[in-house]
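A.B. asks: how would this look folded up:
(one chain, ligands or ions: 1)
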Amino acid sequence: MKNIVLTGFMGAGKTSVACELSRMLSMKIVDMDAEIEKEQGITITEIFARFGEQRFREIETDMARRVGSGSGAIISTGGGVVLKDENMAYLRNNGVIVCLTASPETVLERTVRSNDRPLLNVDDPLRKIKELIEARLPFYKKADLVVKTDDKTPLQVAEEIVEGLQWKR
Ligand code: S3P
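C.D. replies: Have a look, this model is predicted:
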């Protein structure tokens with residue numbers, strides 16, 4: 001069975017929607033960032049701080065290659081995975097790509113209380129969110145299915161995905 005690959009900006013709801021999908025479809029979850037943290041033995045924030053974003057991106061690509069070769073999983077990705085064509089080729093190989101979107105304001109509201117996103121650890125996070133979303137939009141738009149998550153529960157989003165994927169899997 002094909003993987004369902006959840007992409008989208010930080011705070012778009014990938015992790016919570018993955019949980020709902022996993023329950024609804026009885027599929028396992030593979031959370032790429034969680035796997036990276038487990039393997040490296042340190043948090044994503046620490047990887048950024050100690051080795052830099054570039055090194056994180058290399059580790060992320062290696063993880064995309066490995067998780068992309070499996071099957072039957074809901075794969076929750078980090079928000080920047082779409083930036084490299086190589087990552088998306090690995091994930092697309094045996095998966096259907098879903099992108100979750102949210103407005104910058106929604107993203108801010110959902111991420112403001114946690115400080116585990118090094119890219120948003122800046123003086124003006126809303127501005128940074130707007131810049132990054134704008135720059136990444138062309139990449140996010142390449143998904144097979146795009147679902148808006150503003151003002152929806154993770155369950156509503158998961159139901160929309162299941163319905164939307166009926167014709168694509
Ligand atoms: C990133 C998103 C994060 C994590 C890292 C970089 C990004 O994952 O991979 O901090 O570049 O958007 P989430 O989207 O799960 O927060």
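A.B. asks: now Val98: how far from Arg92?
C.D. replies: 12 Å (C-beta to C-beta, to the nearest Å). Any C-beta I mention is one placed from the backbone N, CA and C, and that applies to glycine too.
A.B. asks: do Lys141 as well
C.D. replies: From Lys141 to Arg92 the distance is 14 Å (C-beta to C-beta).
A.B. asks: the more surrounded of these two?
C.D. replies: Shown here are Lys141 and Arg92; by other C-beta atoms under 10 Å, Arg92 has more neighbours (18 against 11).
A.B. asks: buried residues in the host helix or strand of that one?
C.D. replies: Counting by DSSP states H and E, the element that carries Arg92 is helix 85-93. Neighbour-count burial for helix 85-93, counted by 16 or more other C-beta atoms under 10 Å, picks out 87-88, 90-92.
A.B. asks: closest to the ligand among those?
C.D. replies: The ligand lies nearest to Asn87 out of the buried residues of helix 85-93, by C-beta to the nearest ligand atom, at 11.4 Å.
A.B. asks: for that closest one, what are its contacts?
C.D. replies: Residues near Asn87 by C-beta atoms under 8 Å, 6 or more residues apart in numbering: 60-61, 64, 81.
A.B. asks: pLDDT score for it?
C.D. replies: The model reports Asn87 with a pLDDT of 98.
A.B. asks: with adjacent residues omitted, what lies nearest to it?
C.D. replies: Distances taken as C-beta to C-beta, 6 or more residues apart in numbering put Ala64 closest to Asn87, at 4.1 Å, once the chain neighbours are dropped.
A.B. asks: wait, Leu119 touches Lys128, no?
C.D. replies: Yes. Here Leu119 reaches Lys128: they are 7.1 Å apart, a contact under C-beta atoms under 8 Å.
A.B. asks: which phi and psi does Gln54 have?
C.D. replies: Phi and psi for Gln54, reported as degrees, to the nearest 10, are phi -60, psi -50.
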